[in-house]
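**Student:** sequence below, structure please.
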Amino acid sequence: MTIEDRLIELETKMAFQDDLLQGLNDVVAKQEQSIDKLWQANRMLKSQLESVQGPAGESDAPPPHY
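**Tutor:** Here you go, the predicted structure:
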């Protein structure tokens, strides 16, 4: 195997690795966006729950069995 063949092989491997790295980076970026949306939804739900139940987590209504 000549030096030129080895160089071509290394360049090919590097191109595949660059492509893989970019693909993984895209996946991580999408996951980060999804996580941010989930945190935002969690905060919104927590806020809504607190407005219904009050900050202590208890509602003014009696339990259903009374």
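
**Student:** SS state for residue 64?
**Tutor:** coil (DSSP: H, G, I helix; E, B strand; the rest coil).

**Student:** so how many other residues sit close to it?
**Tutor:** Around residue 64 sit 5 other residues, with neighbours defined as other Cβ atoms under 10 Å. Where C-beta positions appear, they are placed from N, C-alpha and C, glycine not excepted.

**Student:** so where do the helices sit in this protein?
**Tutor:** Taking DSSP state H, the helices of the chain run over residues 3-53.

**Student:** low-scoring stretches of it, by residue?
**Tutor:** By pLDDT under 70, the low-scoring segments of the chain are 55-61, 66.

**Student:** need the residue closest to the centroid of it.
**Tutor:** What sits nearest the mean C-alpha location of the chain, by Cα atoms, centre = their mean, is residue 31, with 2.8 Å.

**Student:** now do it against residue 11, distance only.
**Tutor:** To residue 11, residue 31 is 31 Å away according to Cβ to Cβ, to the nearest Å.

**Student:** for residue 53, the count of nearby residues, please.
**Tutor:** Residues near residue 53, counting by other Cβ under 10 Å: 13.

**Student:** heads up, I number from 21, so please use that
**Tutor:** With 21 as the first residue, the last one maps to residue 73.

**Student:** any idea how far it is from residue 33?
**Tutor:** 58 Å.

**Student:** and residue 65, by the same measure?
**Tutor:** Taking Cβ to Cβ, one finds residue 65 at 47 Å from residue 33.

**Student:** what do you get for residue 72?
**Tutor:** Distance, residue 72 to residue 33, by Cβ to Cβ: 58 Å.

**Student:** also residue 69?
**Tutor:** Using Cβ to Cβ, residue 69 is found at 53 Å from residue 33.

**Student:** got it, and residue 70?
**Tutor:** 55 Å.

**Student:** same deal with residue 43?
**Tutor:** Applying Cβ to Cβ to residue 43 and residue 33 gives a distance of 16 Å.

**Student:** this completes my enquiry, with thanks.
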